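Compute the structure for the input listed below.
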Amino acid sequence: MIVFNGKILTMDNDDFTNNIGTMAQAMSVKNGKIVAVGSNAQIRGQAGPNTKQIDLGGRTVMPGLIVVHDHPYDWGDSNPYSLKRVLGKDDIVVHRFMRGSPAEQAKAFPGVLQEAVSKAKPGQWIHFVFSGGDRYEYVSVPLSNPSILSRISREQMDQMTPNNPVLLQDTFVGTLPNNLAVAEAKKTYPFSDLTGGKGTRANVDGLEQAHRWFWHEIVMRNHYKELREVHRLELSWMAGYGVTAFSGSAFTPSHIKVYSDLDRSGEMAVRNQWGWNWRESALFNDDYVVNFAAWMTGMGSDYFWFGGGRGSENTGRSCSALPIRADYDPRAVGGPSVQSLNVCAWTPGSPNHRLLWNFIRNGGAFRTTHTLGDRDVDYLLEILEKASAEAGLTLDEIREKRHSMDHLEFNPRPDQIPIIKKFGIAPGGSTMHFRENAPERVAAYGPESVQLLMPKMSLVRAGIKSGFEIDRAFPTTQLTPIWA
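A predicted model of the protein is given here:
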């Protein structure tokens, strides 16, 4: 295929100026890959008798967005467009999408639940998604403004649904199942680290990060055809807004099954580098599993391949080397407690430190993982350096791993940037963290702490390229996560 008479933005300038590089008139594509760019005469001269040619009429062609951290598989269970199309008849799952302010949604919920129960057969799943707002404004709210799910009584929900399992969720990480739903989850996954309260982030029901897997693995467990179609549409929706590739963890077993299935059938509209993020505390204590995960790095196809993982049970935590202000009051800003601000994920001697060290020593690539507080980044960088040295890796071999650091919620410090550059680490960064984290960080550490909130300019000045993240349920908004 040849496209001509357009403005082809190649973005082939690698410096850190506003020079976007070469602008061509035409481009040739073969087997899904760009072969050449140039003038109309140069490129059209390559055409054969069967070459499809498209006159762009002066339109612009630019590279697609490569998102270095996102979870569209997670967000598939809240995309109102694909869910309505696949589950809109109420014959598989009775699904309802709520809109309005948190107070408005909570007030309307009992009536909508009663209507959903009247449509449901005994034993049929009922699934609610509560909107976080067109600008995601209801998801990260101060403690003085209760979240949507905290306004709903589970006791009332249980009374209204004696014969149906129900899962409520918001458009981020909140879930509220009724008792029948909890029982079903524990029957399906009888693992202490997942449903038995032994996970590091278990909720009051003992469920570890239920927002990651509950809908996919429990609600849709016997409806693979529909699950696959939801995610085919989700990826197609992303591609329609210019996303061509993303990196993100596979938080559920079905993620790997569905995406590999779509890949084999040529239906992956967006490329995905996936990372391991599943029960590491139970599985990564076994060197057999760790070595298998390291061996898989880079394996897959052009559209779905394994990139590495977090290597331990936790992502980075919020601990910082900065002192917490004596007058810090978390209640005033809806921020984390002093105790939680002092918790690190990779403290030397901790189980997570040991797991990640072993993962790196055995050849694993640290990718698709949150880095939050700068003190935890100290521990992470030390692990990458010393565990790699223990494995006998040279600096070039460490750089070839292309370890990454996502979010940059409160890192890196200026003294950490040269180490990041030395090891060839690829940073990410999400614009959402400015809005969500700046007030509480300034309240906890003072105005000078702003320099640690995703310091992109410091990375640019050091000659380090960093990526673009979405990391939110994009389809539930008016696309505002991009410019929030």
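
Contacts only, for Glu313.
Applying CB atoms under 8 Å, 6 or more residues apart in numbering, we find Glu313 in contact with 199-200, 280-281, 351-352, 355. (C-beta placed from N, C-alpha, C; glycine too.)

what about 10 Å?
Going by CB atoms under 10 Å, 6 or more residues apart in numbering, Glu313 touches 193, 199-201, 208, 277, 279-284, 345, 350-352, 355-356.

Mind checking which of those land in helices?
280-283, 351-352, 355-356 (DSSP state H).

so where's the stretch 151-300 of the chain shaky on pLDDT?
Residue ranges of the stretch 151-300 of the chain with pLDDT under 70: none are present.

quick one, helices of it?
154-160, 179-188, 210-213, 224-240, 253-264, 280-283, 287-296 (DSSP state H, counting those that start in this stretch).

relative to helix 253-264, how tilted is the longest one?
Translated: helix 224-240. Interaxial angle, helix 224-240 versus helix 253-264 (axes from the mean of the first three to the mean of the last three CA atoms, to 10 degrees): 70 degrees.

Which strands or helices does helix 224-240 pack on?
strand 65-69, helix 72-75, helix 80-87, strand 243-250, helix 253-264, strand 271-276 (3 or more CB pairs under 10 Å, 6 or more residues apart in numbering; DSSP states H and E).

Surely Trp448 and Arg413 touch.
Let me fix one detail, which is that residue 448 is Glu and not Trp. No: in this structure, Glu448 is not within contact of Arg413 by CB atoms under 10 Å, at 11.6 Å.

Identify the contacts common to the two.
Joint contacts of Glu448 and Arg413 (CB under 10 Å, 6+ apart) are Leu322.

Between those two, which is the more surrounded one?
Arg413 (18 against 9; other CB atoms under 10 Å).

was I right about the more buried one contacting Asp376?
No: judged on CB under 10 Å, Arg413 makes no contact with Asp376 at a distance of 11.7 Å.

residues shared between the contacts of these two?
If you check Arg413 and Asp376 against CB under 10 Å, 6+ apart, the residues they both contact are 320-321.

about what we covered before: select only the buried ones of the ones in helices among the contacts of Glu313 in ChimeraX?
Buried residues within the ones in helices among the contacts of Glu313, by 16 or more other CB atoms under 10 Å, are selected in ChimeraX with:
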select :280,281,282,283,352,355,356
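
tell me the two of the ones in helices among the contacts of Glu313 that are most distant?
Ala282 and Leu356 (15.4 Å; CB to CB).

now the helices of the stretch 151-300 of the chain as a markdown table including distance to Val93?
Compiled in a markdown table, these are given as follows (distance: least, CB to CB, whole Å):
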| stretch | distance to Val93 |
| --- | --- |
| helix 154-160 | 16 |
| helix 179-188 | 12 |
| helix 210-213 | 16 |
| helix 224-240 | 8 |
| helix 253-264 | 15 |
| helix 280-283 | 29 |
| helix 287-296 | 33 |
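
and among the ones you listed, the most buried is which?
helix 210-213 (a mean of 23; mean count of other CB atoms under 10 Å).

about what we covered before: closest to Ala24 out of the helices of the stretch 151-300 of the chain?
Here helix 224-240 is closest among the helices of the stretch 151-300 of the chain (CB to CB), at 23.0 Å.
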